[in-house]
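*Asks:* coordinates only, sequence not included:
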């Protein structure tokens, strides 16, 4: 693969990964808040409503049944621990993404450190209770960590990567080069 194409793919993966991490953080904030403020019966009812259509289409859907089993077995202590864990995860991810979106290069060491800690926690979680979802999160976080490390190492901000991605995939979306006349 030619170096320019490879660089564009790496930058695109970084930009998309950061945006997905931001969305993931927002979902974790919402889920953590729900676990802390909603009663177990309400959580179960919401879970049933969320998976009802999927179960109508496929009554044996594994993910839907896993979600229902988790919601049904949720007690107050588990909801409190899970809610706090999700809130902490979400706050860290949203803060990292917000700082990257703001264009700060100084956030990279913090992002790498925080993502490393979150990845280590997920690896422990994977060992204690393996599952496809945990494996997917570990792989995604490892990829985001590697891409963040790469962008930090080469000294480029998120804005630089964003502009490069937009220009690389949509060259006409870039403003025309200004011509200057020496006068």
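*Replies:* Yep, it's here. Quick caveat, the model's predicted, so the values are computed rather than measured.
*Asks:* buried ones in stretch 107-117, by neighbour count?
*Replies:* Within stretch 107-117, the residues scored as buried using 16 or more other Cβ atoms under 10 Å are 107-108, 111-112, 114-115. In short, each C-beta sits where N, CA and C put it, glycine included.
*Asks:* I'd like the average pLDDT over it.
*Replies:* Across stretch 107-117, pLDDT averages out at 87.
*Asks:* in this protein, which spans are helices?
*Replies:* Applying DSSP state H to the chain gives helices spanning 3-37, 40-57, 62-72, 76-101, 107-128, 132-154, 158-169.
*Asks:* go ahead and confirm residue 110 touches residue 100.
*Replies:* No: counting by Cβ atoms under 8 Å, residue 110 stays clear of residue 100, with 10.1 Å between them.
*Asks:* what's near enough to touch the spatially most central residue of the chain?
*Replies:* Geometric centre of the chain, nearest residue: residue 21, 2.1 Å, by Cα atoms, centre = their mean. Residues counted as contacts of residue 21 (Cβ atoms under 8 Å, 6 or more residues apart in numbering) are 93, 96-97, 144.
*Asks:* next one: residue 164
*Replies:* 7-8, 11.
*Asks:* now the buried members of those residues.
*Replies:* Using 16+ other Cβ under 10 Å, the buried ones in those are 8, 11.
*Asks:* in a markdown table: the contacts of residue 164, plus pLDDT and distance to residue 161.
*Replies:* Shown next, in a markdown table, are the contacts of residue 164 (pLDDT from 0 to 100; distance: Cβ to Cβ, whole Å):
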| residue | pLDDT | distance to residue 161 |
| --- | --- | --- |
| 7 | 88 | 10 |
| 8 | 90 | 10 |
| 11 | 90 | 5 |
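*Asks:* in TSV: the contacts of residue 164, plus distance to residue 65.
*Replies:* As requested, the contacts of residue 164 are exported to TSV (distance: Cβ to Cβ, whole Å):
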residue	distance to residue 65
7	43
8	41
11	39
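*Asks:* closest to residue 30 among the contacts of residue 164?
*Replies:* Distance to residue 30 across the contacts of residue 164 (Cβ to Cβ) is lowest for residue 11, with 29.3 Å.
*Asks:* let me see the contact set for the closest one.
*Replies:* 161, 164-165, 168.
*Asks:* same question for residue 116.
*Replies:* By Cβ under 8 Å, 6+ apart, the neighbours of residue 116 are residue 145.
*Asks:* start at 12 instead
*Replies:* From this message on, residue numbering opens at 12, which makes the last subject residue 127.
*Asks:* between the contacts of residue 32, which is closest to residue 41?
*Replies:* residue 104 (12.5 Å).
*Asks:* so what pLDDT did the closest residue to that closest one other than its chain neighbours get?
*Replies:* Spatial nearest neighbour of residue 104, excluding adjacent residues (Cβ to Cβ, 6 or more residues apart in numbering): residue 36 at 3.0 Å. Listed pLDDT for residue 36 reads 91.
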